[in-house]
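Asker: can you look at this prediction? I've put the sequence above it.
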Amino acid sequence: MVEFQHIKEYLSTALGTEGSLLIPKKIMDTLIAETEKALIPRSEAAMYLGPSSFGIGASSIDVDLETPDSLQVRQTGEGAEFVMDAPAYTTFNIKPAKYGVAIRITREMLEDAKWNLLQRTVKLSGKRLAENENSLIITALDSAANTVSGGAAVSIANVTRAMQHLEDADYAATTFAVGSEVVNDLRNIDTFAEVDKSGSNEMLAKGFVGVIYGMKVFRVSTNAGMTTTSAYVFDRDFGYMIVEKRPVTIENFDLPLIDSSAAVVSQRLAVKNIRSAAVAKITSS
């Protein structure tokens, strides 16, 4: 009787793993995937150059720029010789870098797993490459010629001043990329939130305004290279360019010696600012 009581007490205690093993468990068959990150779409790039732009054997591309206001006309008196002038040009070279990841999964894992691990991992790798491209875009936008320093929160005056920087250089503010804390600042500006001032209930209905002062607004994820307290106003026709020598490429192969299947997901890509004056950065504390 004493021995039976001891066994009963041991099996009912929560201190040992043996007790928990007596309780049946079921592993859910559906994988709960990670959330999608908010990225700047490729449509906002001034230029995209794909593999066909390189030709045969080229690893980089030279881009020529015309210097603004380098050609001038001058008043000339009667019978006087016209002053000779010519536009100026500059050039820069952009060479894509290689990014990627190697994946290796044992045959046993592929046979026993509840979902296709190799396929899922390849899909995640593609998402990581898209987020890496977004980080490169942010780095290019950081070359902005002008920075507007806000206070504890971004204000309307900060936004319009950034727009003015572009307009002073004869560019148009077409795109507004914002970090999550800047989005919060915009939500707390009554001009955008109150219907009688904005003429729309978009902020109240969706929690976000898609267009501000004619600019498309894009919230950009902090986990994709964006600083939460920063924002960028830029002209999509002159802001930055994307050069892609190798699109996202998946190469599958087997490793029979170690009884595994593998894949390499890679991309050759570069992002470069075109006109620094076509970008203005807004920061807050």
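Answerer: Good, I have the coordinates.

Asker: Val248 - how many residues pack around it?
Answerer: Other residues near Val248 number 17, with proximity taken as other CB atoms under 10 Å. Heads up, the C-betas are built off the backbone N, CA and C, glycines and all.

Asker: show me the contacts for it.
Answerer: The neighbourhood of Val248, defined by CB atoms under 8 Å, 6 or more residues apart in numbering, consists of 126, 129, 265-267.

Asker: ok, 10 Å please
Answerer: Contact criterion CB atoms under 10 Å, 6 or more residues apart in numbering gives 99-100, 122, 125-126, 129-130, 133, 265-267, 269 as the residues in contact with Val248.

Asker: which of those residues fall within helices?
Answerer: Among the contacts of Val248, DSSP state H puts 122, 125-126, 129-130, 133 in helices.

Asker: buried subset of these, written for PyMOL?
Answerer: What follows is the PyMOL syntax selecting those of the ones in helices among the contacts of Val248 that are buried according to 16 or more other CB atoms under 10 Å:
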select buried, resi 122+125+129+130+133
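
Asker: just the buried residues of stretch 151-163, please?
Answerer: When neighbours are counted by 16+ other CB under 10 Å, the buried residues of stretch 151-163 are found to be 153-155, 158-159, 161-163.

Asker: hey, where'd the strands end up in the stretch 1-150 of the chain?
Answerer: Remark: strands assigned in the stretch 1-150 of the chain by DSSP state E, counting those that start in this stretch are 47-49, 61-66, 89-94, 97-106, 146-149.

Asker: right, so these: which one is the most enclosed?
Answerer: strand 146-149 (a mean of 16; mean count of other CB atoms under 10 Å).

Asker: strand partners (parallel or antiparallel) of it?
Answerer: As defined by DSSP bridges, the strand partners of strand 146-149 come to strand 279-283 (parallel).

Asker: for the strand it pairs with, the distance to its chain's centre please.
Answerer: Averaging C-alpha coordinates over strand 279-283 and over its chain gives two centres that are 16 Å apart (CA atoms, centre = their mean, to the nearest Å).

Asker: over to Thr249. Which of the three states is it?
Answerer: Taking DSSP: H, G, I helix; E, B strand; the rest coil as the rule, one finds Thr249 in the strand state.

Asker: beta partners of it?
Answerer: According to DSSP bridges, the partner residues bridging Thr249 are Ser266.

Asker: can you name the residues that contact it?
Answerer: For Thr249, the contact set (CB under 10 Å, 6+ apart) comprises 100, 129, 264-268.

Asker: filter those down to the buried ones.
Answerer: Judged by neighbour count, with 16+ other CB under 10 Å as the criterion, the buried members of the contacts of Thr249 are 100, 129, 264-268.

Asker: dump the residue contacts of the residue lying closest to Val248 once chain neighbours are set aside.
Answerer: Nearest residue to Val248 in three dimensions, chain neighbours excluded: Gln267, at 5.0 Å (CB to CB, 6 or more residues apart in numbering). The contact partners of Gln267, taken as CB under 10 Å, 6+ apart, are 96-100, 125-126, 129-130, 132-133, 244-249.

Asker: need the ones in helices among the contacts of Val248 in TSV (columns: distance to Ala231 and pLDDT).
Answerer: Rendered in TSV, the data for those read as follows (distance: CB to CB, whole Å; pLDDT from 0 to 100):
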residue	distance to Ala231	pLDDT
Val122	34	91
Ser125	30	94
Gly126	28	93
Leu129	25	95
Ala130	21	95
Glu133	19	97
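
Asker: closest to Arg74 out of the ones in helices among the contacts of Val248?
Answerer: Each of these was scored against Arg74 by CB to CB, and Glu133 proved nearest at 46.2 Å.
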